[in-house]
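Participant: Just need the structure, nothing else, for what follows:
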Amino acid sequence: MRATPQRPERPAQSTRRPRLYVLDGLRLVAALGVLSWHWMGVQRWPDIWHGTTAHLMPAGHALGSYGWLGVELFFLISGFVICMSCWGRSVGDFVTSRVTRLFPAYWVAVLLTSAVLYFAPHRWGNDTSRPSLMRVLTNLSMAHAPLGVNDIDAVYWTLWIELRFYIIFGVVVAMGLTYRRVLAFCGVWGFLSLISASVNFPLLDAVVQSQYSWYFIAGMAFFLMYRFGQNLLLWGIVGFCWLMALNRITIMLHTNEYGAGHPLSWKLAAGVVTLSFALVGLAAVGAFNRINWRWLTVAGALTYPLYLIHQEIGFELITRLSRYLPPYPTVAVSLAIMLTVAYALHRLVERPFAPLLKRGLAASFAAVRRNGEPAQAG
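Facilitator: Residues are numbered from 1 along each chain as shown. The predicted structure follows:
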């Protein structure tokens, strides 16, 4: 009697897939969307522009009023990329890749922004005081939010969300990433997100982040399509996440109406979210494989440093330039300067220091492996 062959834990490894240059471009689009929201969409701080953006640049304000949805696109891409970057790697490799990706540019951005706020204290926002040394040092940890310490730059709030995603996904990485385990993780995280949204359990929601979890989950499902091929189950996960995302943007819609200074359209916001899902989905199934423009790699590299510096430093720049230039030239010149600074951060900070940090962390995790055996008696 012949033995029944065991079912493989996951589909066979596929051949190496082409680099998705389009994701680099989408990252930059997301960053520019958030930038447009802060620079042109928000009207709460008229001192920045010496007037309201709706009056000074109506078209720019109308476009920027929905730029906050770039954050949702960021999270969708993040779910995809985190799977892609750590597939087949150890938890040490995973931690090393995240630390070297996030922290070098972040540390410099915190110090640079703190210096600008100290020597040119702003006149907008909720905290107009010079940053204290304690606040600056705590921000350097990237874990200041749960301690109740204000961001040096308000955009840092998304980094704490990313960090929590990395921590809970790190559990799966430690077990070893497989098709089945990632699917199970998506299912459990989605179920807990539904529970969290329906009960008053702050600790659970602090972990599962039900407002944004659907983007990360959909991004992971899109990655599984990209690596192993599409099927009905994966599309079902994506479709469910899309429906939940459309529901959850209602909360952010009401929150951001305060910043925009007028009602926002749920239909337009839903359209932007749907387009984001569609673009990442098309990338996952290979629709953009022919796009291999090398400049998109540079664009993707600029995204993170641009995101880190564009708000507080950008506001100070706009306040000064808008005294001499019309609104749209002010935006153009400010963006050119911010992109230049972002490129400098990438070339002078990320490229030289990330490898040094990577080598140090690799040696540290090697020591953990060498010394991980129980102590011998004697």
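
Participant: all contacts plus neighbour counts: C-alpha atoms, from now on.
Facilitator: OK.

Participant: Next, count neighbours for M57.
Facilitator: If you count neighbours by other C-alpha atoms under 10 Å, M57 ends up with 15.

Participant: nope, G25 is what I was after
Facilitator: There are 20 residues near G25, going by other C-alpha under 10 Å.

Participant: for the one 4 residues further on, same thing?
Facilitator: Using other C-alpha under 10 Å, V29 has 19 neighbouring residues.

Participant: How about L308?
Facilitator: 23.

Participant: does the residue nearest to it when sequence neighbours are not counted sit in a helix or strand, and which one?
Facilitator: Leaving aside its sequence neighbours, L308 sits nearest to A109 (C-alpha to C-alpha, 6 or more residues apart in numbering; 6.3 Å). Taking DSSP states H and E as the definition, A109 sits inside helix 91-119.

Participant: How about the secondary structure of N150?
Facilitator: Recorded secondary structure, N150: coil (DSSP: H, G, I helix; E, B strand; the rest coil).

Participant: Can you pull out the residues in contact with stretch 287-304?
Facilitator: Stretch 287-304 has contacts (C-alpha atoms under 8 Å, 6 or more residues apart in numbering) with 18-25, 27-28, 31, 282-283, 339, 342-343, 346.

Participant: Could you do stretch 314-324 as well?
Facilitator: W39, D47, I48, W49, H50, A120, H122, T330, V331, S334, M338.

Participant: what do you get if the cut-off is 7 Å, keeping everything else the same?
Facilitator: Stretch 314-324 has contacts (C-alpha atoms under 7 Å, 6 or more residues apart in numbering) with I48, W49, T330, S334.

Participant: Now find how far off-centre it is within its chain.
Facilitator: 27 Å (C-alpha atoms, centre = their mean, to the nearest Å).

Participant: With stretch 306-315 instead?
Facilitator: Counting by C-alpha atoms, centre = their mean, stretch 306-315 comes out at 15 Å from the chain centroid.

Participant: Please apply the same query to stretch 80-100.
Facilitator: 15 Å.

Participant: residues contacting P104?
Facilitator: So, once contact is read as C-alpha under 7 Å, 6+ apart, P104 ends up touching V349, E350, F353, A354.

Participant: Return the per-residue confidence for the last one.
Facilitator: pLDDT, the model's per-residue confidence, is 91 for A354.

Participant: got it, and the one 4 residues further on?
Facilitator: As summarised for this prediction, K358 has a pLDDT of 89.

Participant: Quick check: it vs Y156, distance?
Facilitator: To Y156, K358 is 23 Å away according to C-alpha to C-alpha, to the nearest Å.

Participant: same check, this time on R351
Facilitator: Taking C-alpha to C-alpha, one finds R351 at 22 Å from Y156.

Participant: go on, A299?
Facilitator: 21 Å.

Participant: L246 too?
Facilitator: Where Y156 is concerned, L246 sits at a distance of 24 Å (C-alpha to C-alpha).

Participant: cool, and C186?
Facilitator: From C186 to Y156 the distance is 26 Å (C-alpha to C-alpha).

Participant: do the same with H50
Facilitator: 26 Å.

Participant: These two - which one has more neighbours?
Facilitator: Y156 (20 against 13).

Participant: Spit out the contact partners of the nearest residue to the more buried one once chain neighbours are set aside.
Facilitator: Sequence neighbours aside, L308 is the residue nearest to Y156 in space, at 7.3 Å (criterion: C-alpha to C-alpha, 6+ apart). With contacts defined as C-alpha under 7 Å, 6+ apart, the neighbours of L308 are Y106, A109, V155.

Participant: want to try a markdown table for those, with pLDDT and distance to A174 as columns?
Facilitator: Formatted as a markdown table, these follow (pLDDT from 0 to 100; distance: C-alpha to C-alpha, whole Å):
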| residue | pLDDT | distance to A174 |
| --- | --- | --- |
| Y106 | 97 | 26 |
| A109 | 98 | 31 |
| V155 | 95 | 30 |
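
Participant: Among those, which one sits closest to V99?
Facilitator: Proximity of the contacts of L308 to V99 (C-alpha to C-alpha) peaks at Y106, which lies at 10.3 Å.
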